[in-house]
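Chemist: what's the 3D shape of this:
(2 chains, ligands or ions: 1)
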Amino acid sequence: MSFTTRESLLNKIQDGDQASWEEFYLLYRPMAFRHGRRLGLSREECDELFQQVMVQFFKSIGTFHYQPELGRFRNYLIRALRHAASRLLEHRQPVEMLPETLSAVNEGGLLNEIDRKILADWRGALFNQALAELKKQVEQQTFEAFCFYGLQRREVGEVADYLQMKPGSVYTAKSRCVAMLRNIIGELQKSDPEFKL
Amino acid sequence: MRHCTEEELEKCLNRSRGRFCPTVFLRRLHLRNCPECRSRFRHLVEDDRFLADFVRELDEYRRRLGEFSDSAGEPERKPGRDWK
Ligand SMILES: [Zn+2]
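Modeler: Down below sits the predicted model:
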């Protein structure tokens, strides 16, 4: 398939492709923000957190070899975020420190909970990406029929009228798009095999 | 009784429950006795569940992102004209 998997995205970044950097930025910045905010970082600190992780990743990019069977990129990112966040918290001015937040960071239980939330974000980002990809691959009318009928669950008659299609075509659009969406998600997940739907 | 059409199977999905529909009633009778249509119907039900999960998780994700939407730069990907 021609669309960008996480694996090929990383490879393109390594080749210095600017557009891939931007895609990477848009894909992972929200994740960094949510992670930082959960730990009690301010918005500015969250920006700082993401900058640090990007810089770190950029530095290691020459040596970073994407090997799904060894270290998954997702795990690398989670580790990097966690590490950078605790360093940011440690270097805060004492007056700004929230002791309960700091100790919570070191508690295994909360970290697991945080990892779970990062995974939910990961999955959300992947779904978002998959839907955008589907949109590129089908006719606009097919995609809209799928959104209205399949995702928004509107009445088939309403959708057929609005898009000037036969109800049968709306059904066909849905089943075709579901199959494609599953394929796309499957392809995207190949770069992260541990992550099953 | 003849096999179900694609449209009839779609009508048999949960979403039309709660309202009496003669087609659905007859088709559900047929589904009981026809393994072939039952298997087709099962695929539709699986698709339906998949889509329900997909939408739920995507909505939750987008809602969470909304918290930072004024912080600049989040991607806005709206699939359809009337999407939300
Ligand atoms: Zn049958």
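Chemist: would you map the helices across the chain?
Modeler: By default, I'm working from chain A. For chain A, the helices defined by DSSP state H cover A:6-14, A:18-38, A:43-60, A:73-90, A:99-105, A:108-137, A:140-145, A:156-163, A:167-190.
Chemist: let me rephrase: I mean chain B.
Modeler: For chain B, applying DSSP H gives helices covering B:6-11, B:22-33, B:35-66.
Chemist: let me have the ones you listed in TSV, extended by mean neighbour count.
Modeler: Any C-beta I mention is one placed from the backbone N, CA and C, and that applies to glycine too. Below are these laid out as TSV (neighbours: other C-beta atoms under 10 Å in any protein chain shown):
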stretch	mean neighbour count
helix B:6-11	18
helix B:22-33	14
helix B:35-66	15
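Chemist: sorry, back to before: check the helices of chain A for me: which has the lowest mean pLDDT.
Modeler: Per-stretch mean pLDDT for those is lowest at helix A:99-105 (a mean of 42).
Chemist: quick revisit: who wins for proximity to chain A among the helices of chain B?
Modeler: Closest of those to chain A is helix B:35-66, at 2.4 Å (criterion: C-beta to the nearest C-beta).
Chemist: ok, which residues in chain B are in contact with the ion?
Modeler: Residues of chain B that fall close to the ion, judged by C-beta under 5 Å from the ion: B:3, B:34, B:37.
Chemist: look up the closest residue to whatever residue of chain A ends up closest to chain B, ignoring the ones flanking it.
Modeler: Here chain A gets closest to chain B at one residue, residue A:124, 2.4 Å apart by C-beta to the nearest C-beta. Distances taken as C-beta to C-beta, 6 or more residues apart in numbering or on different chains put residue B:61 closest to residue A:124, at 2.4 Å, once the chain neighbours are dropped.
Chemist: and what of residue A:172?
Modeler: Nearest non-adjacent residue to residue A:172, counting by C-beta to C-beta, 6+ apart: residue B:6, 7.4 Å away.
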